[in-house]
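Asks: Below: sequence and its predicted model.
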Amino acid sequence: MFFVGVLLVIAAEIAAFWVVAGQIGFLWALALLVVMSAFGPFIVRRVGFGVLAHTRERLERGEVPTRELFDGLLVLIGGVMIFVPGFIGDALGLLLMIGPVRHLVIRLFSHRLARRLQRTGTGRWQVIDARARPKRDDLPPLSGPADRPPGPDDSTGS
């Protein structure tokens, strides 16, 4: 299924190049792809440093930078989309460089993830607080030979 998806994306990129080349010419379309792939990393770097600055501000205030982490992930995904030549990927990657668009994507996916978690429940996963120490009564009793120290009648195999 993944392979079919990749083939569909490649076919869509070729079709988009064909349409743009038909409008502005093959060499101009090729030049536009090269320019976008060359300048894309500069755009991603600028936006990424902005997200990093917001992350540092939140950390200095003692807050968890959850939204900034998702922002950074979307900037990374957008950067990859811009770096790989193709008009559709460039357009989507540039859209992800716009803050309100990233926040809309985060909001949509967070609601979808929350609904999926509510529908499936927590299942077998359990949250464990690593700082909390269990009481002695909460621990299961030990059983078998591991609950007594080795004695002189135990053989060590040598």
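Replies: It's in.
Asks: Tell me how far Gly48 lies from Leu96.
Replies: 11 Å (C-beta to C-beta, to the nearest Å). Every C-beta, even on glycine, is put in place using the N, C-alpha and C of the backbone.
Asks: what is in contact with these two at once?
Replies: Val75 (C-beta atoms under 8 Å, 6 or more residues apart in numbering).
Asks: okay, these two: which has more neighbours?
Replies: Higher neighbour count among Gly48 and Leu96: Leu96, with 24 against 18, using other C-beta atoms under 10 Å.
Asks: show me what contacts the closest residue to that one other than its chain neighbours?
Replies: Among residues not flanking Leu96 along the chain, Gly78 sits closest, at 3.1 Å (C-beta to C-beta, 6 or more residues apart in numbering). Residues near Gly78 by C-beta under 8 Å, 6+ apart: 44, 92-97.
Asks: Among the residues you listed, name the buried ones.
Replies: The neighbour-count test (16 or more other C-beta atoms under 10 Å) marks 44, 93-94, 96-97 as buried among those.
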